[in-house]
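Engineer: Model the following, please.
(chains A and B)
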Protein chains: 2
Amino acid sequence: MAPRDVRALIREGKINGPTAGMSGGYAQANLVILKKDLAFDFLLFCQRNQKPCPVLDVTETGSPVPSLAAPDADIRTDFPKYRIYRHGVLTEEVADITPYWEDDFVGFLIGCSFSFEQALINNGIAVRHIDEGTNVPMYKTNINCVPAGAFHGQMVVSMRPVPERLAVRAAQVTSRFPAVHGGPIHIGNPEAIGIRDLDKPDFGDAVSIREGEVPVFWACGVTPQAVAMNVKPEMVITHAPGHMLITDIRDESLAVL
Amino acid sequence: MAPRDVRALIREGKINGPTAGMSGGYAQANLVILKKDLAFDFLLFCQRNQKPCPVLDVTETGSPVPSLAAPDADIRTDFPKYRIYRHGVLTEEVADITPYWEDDFVGFLIGCSFSFEQALINNGIAVRHIDEGTNVPMYKTNINCVPAGAFHGQMVVSMRPVPERLAVRAAQVTSRFPAVHGGPIHIGNPEAIGIRDLDKPDFGDAVSIREGEVPVFWACGVTPQAVAMNVKPEMVITHAPGHMLITDIRDESLAVL
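Structural biologist: Next up, the predicted model:
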C-alpha cells in the first residue's frame, strides 16, 4: 500500500499498531516535538550528532505538516501512537495529539533504521529481530554525544548480529545511507562501548547471537528522545516505539551514492 | 604547515591573502555570522539544503570558538579577510571583526569545495581554475532552494570542466564527501539549470573549456551567503571570497565511506 493510504488508515484509527514492514521501500520516521524556545538547540544537537539524529524534516513553527517528507501528512494524527512527556516523565500514551497541539510546537522527523535494514536484506544479510518477530535490541553506551545548549547525553545504539564474513559488507551497505544512521559505529566487543550484557538491552528485546556471528552496532534514533528527556522540558511529544510515520521518501533516494 | 600555525600567522596579520592551497589535506570553511534571532531559521535552511549549505560547525551563541572544527581558533580573527553587510549592503571589508562582535552572534562554518578538489586531483582529474591560477567560476541557477522562515533563494553552483570520459569518476569521487557539497548537481547543458553563458560567471572567473570536456556543476557555499543577503538582516558578517578558515578537520575524515 502507498504511504498516503496507510497514513489515511492510521488517521482514521483503522491501523493502531507498529508500522514495521508497511509500505516497503519508503522511509519511516521517528518524532520529537518540542516548543520553539528549545528548537534551535535541539536542531543544533542533531546537526552535531548526525549518526544518532539524522533529521529528515522539521515542521515550521506551529504547523503540523512535514512539507518535505510527506506534504499531505499531519504529524498530530498520522503516527499510530504517541507518548506525552511532562518535565521528563511519561504521562500519557494517545493515538491523536490534536488536543495537545500548541502554536509554538516544532516537530522533528528523525531517520529510522527500517530503511537500512531493507538494504541489508537486499544484500543477503538477514536481520535477526525481524526473523524472530521482536523489536530490535537497543543499548545505552558510554559514547558521549556532542552537547548543544541544554541537550546532552550518551548515544543509544541498536544491535544486529551479522555473520563475521558479512560484517564488512554490512558496513558498506549501510554507509550509503547517512540520512538513516549510516554505517555502524562499532563492530564486535560490546564492552568497548560500555555495554555489559547483550542479553539485557535497555530498550527493545534481546535476540540470539549464533556461532560465527559478530554483534554490529548502529547509532539509534532513540538517542534524541533520551537526550530530550534529560532536559526535562515542560512538554515533549514523541512517537511510541515502533509506531512511526510512513513518509513519501523512497529509501533508495536517501542513499548518497 | 599545520592548520594551527597558519591560523596564528593569519591572526597576527602576517598572512592576509587567499588561503587556497594552504595546509593541504585539511578542510577549509566558509563563514556566515548572524544574530541569534535568525539562527534557527538559518540552521534549518542549511539542514534543508545540505548540498549548497553543508554545516561543519556552529558556534555557541556569543562564543567565537568553533569547538568542533578548530577548538583553539577564534572566528573573529582567524579568517584573513571579512565582509560586513548591513541591511544586505556590503559596507566594510576588514581583517579582524573583534570590534564588531556582539553577545548574540552565532557563527556558521560551511564546508568548502577545496576539500573535494583535492580528491579530484588525487584521482587524476585536473582542476582547471587551479591550473589557470584563478578563482573558480560560480553561477546563479534557476534551482530554488527549499525555504526556511525568512531564508529563500536560488542555488549558486561552481563549475569545473572535466574530460567526458572522467565525468562519472568525478561524480563518484565527490559523492563520498556530502559534508563538502558532495556529488555534482548537474553534468552538461548549462541552460538546463538556467545558466546562459559559461563565459560570464556571476562570481569568480571564467575558465577555458577544451574540446572533449563537459562542464560539471557542484552546489556552492556562496549560496547561503546570497540567501542571507536576501533577508537583508541588520548585520551579517561573512569571510571575503577565498579567504577561509583552515580547520583541524582532515578532508578524508569527511568522507562517508
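
Engineer: where's the closest residue to chain B within the stretch 1-150 of chain A, which helix or strand?
Structural biologist: Nearest to chain B in the stretch 1-150 of chain A, going by CB to the nearest CB, is A:Phe40, at a distance of 4.0 Å. All C-beta atoms are positioned from the backbone trio N, CA, C, and that covers glycine. Secondary structure assignment for A:Phe40, by DSSP states H and E: helix A:36-48.

Engineer: what angle separates that helix from helix B:39-48?
Structural biologist: Compare the direction of helix A:36-48 with that of helix B:39-48 by axes from the mean of the first three to the mean of the last three CA atoms, to 10 degrees and you get 40 degrees.

Engineer: what's the average pLDDT for helix A:36-48?
Structural biologist: For helix A:36-48, mean pLDDT rounds to 96.

Engineer: May I have the secondary structure class of A:Lys51?
Structural biologist: Assigned with DSSP: H, G, I helix; E, B strand; the rest coil, A:Lys51 falls in the coil class.

Engineer: Show me what the strand or helix carrying A:Val236 is packed up against.
Structural biologist: Counting by DSSP H and E, the element that carries A:Val236 is strand A:235-239. When contacts are defined as 3 or more CB pairs under 8 Å, 6 or more residues apart in numbering or on different chains; DSSP states H and E, strand A:235-239 sits against strand A:26-35, strand A:82-86, helix A:222-231.

Engineer: In this structure the residue of the stretch 1-150 of chain A closest to chain B contacts B:Phe40, no?
Structural biologist: Yes. Counting by CB atoms under 8 Å, A:Phe40 touches B:Phe40, with 4.0 Å between them.

Engineer: For chain B, give me its nearest residue in the stretch 101-250 of chain A.
Structural biologist: Taking CB to the nearest CB, the stretch 101-250 of chain A has A:Ser175 as its residue nearest chain B, at 4.0 Å.

Engineer: Distance of the residue of chain A most remote from its centre relative to B:Ile209?
Structural biologist: Each residue of chain A has a distance to the centre, and by CA atoms, centre = their mean the biggest one is for A:Glu211: 29.0 Å. From A:Glu211 over to B:Ile209 the distance is 59 Å, taken as CB to CB, to the nearest Å.

Engineer: and chain A, which residues reach chain B?
Structural biologist: Proximity of chain A to chain B, by CB under 8 Å from any CB of the partner chain, involves residues A:36, A:39-40, A:43-44, A:47-48, A:55, A:58, A:60, A:68, A:146, A:149, A:172, A:175-176, A:178, A:182-183, A:256-257.

Engineer: switch the cut-off to 7 Å
Structural biologist: A:39-40, A:43-44, A:47-48, A:55, A:58, A:68, A:146, A:172, A:175, A:178, A:182-183, A:256-257 (CB under 7 Å from any CB of the partner chain).

Engineer: Now the buried members of the residues you listed.
Structural biologist: Among these, the ones that count as buried by 16 or more other CB atoms under 10 Å in any protein chain shown are A:39-40, A:43-44, A:47-48, A:55, A:58, A:68, A:175, A:178, A:182-183, A:256.

Engineer: now these in CSV, with distance to B:Ala167?
Structural biologist: Listed next are those as CSV, based on distance: CB to CB, whole Å:
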residue, distance to B:Ala167
A:Ala39, 41
A:Phe40, 40
A:Leu43, 36
A:Leu44, 37
A:Gln47, 32
A:Arg48, 35
A:Val55, 31
A:Val58, 34
A:Leu68, 29
A:Ser175, 24
A:Pro178, 24
A:Gly182, 27
A:Gly183, 27
A:Val256, 18
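
Engineer: Closest one of the residues you listed to B:Arg11?
Structural biologist: Nearest to B:Arg11 among those, counting by CB to CB, is A:Arg48 at 25.5 Å.

Engineer: so who does that closest one touch?
Structural biologist: Residues near A:Arg48 by CB atoms under 7 Å, 6 or more residues apart in numbering or on different chains: A:146, A:148, B:68.

Engineer: Excluding covalently adjacent residues, which one is nearest to the last one?
Structural biologist: Of all residues beyond its chain neighbours, the one nearest B:Leu68 is B:Asp57 (4.6 Å), with distances taken as CB to CB, 6 or more residues apart in numbering or on different chains.

Engineer: which SSE is that neighbour in?
Structural biologist: For B:Asp57, the host element (DSSP H and E) is strand B:55-58.

Engineer: Sheet-wise, list the partners of that strand with their directions.
Structural biologist: strand B:105-111 (antiparallel) (DSSP bridges).
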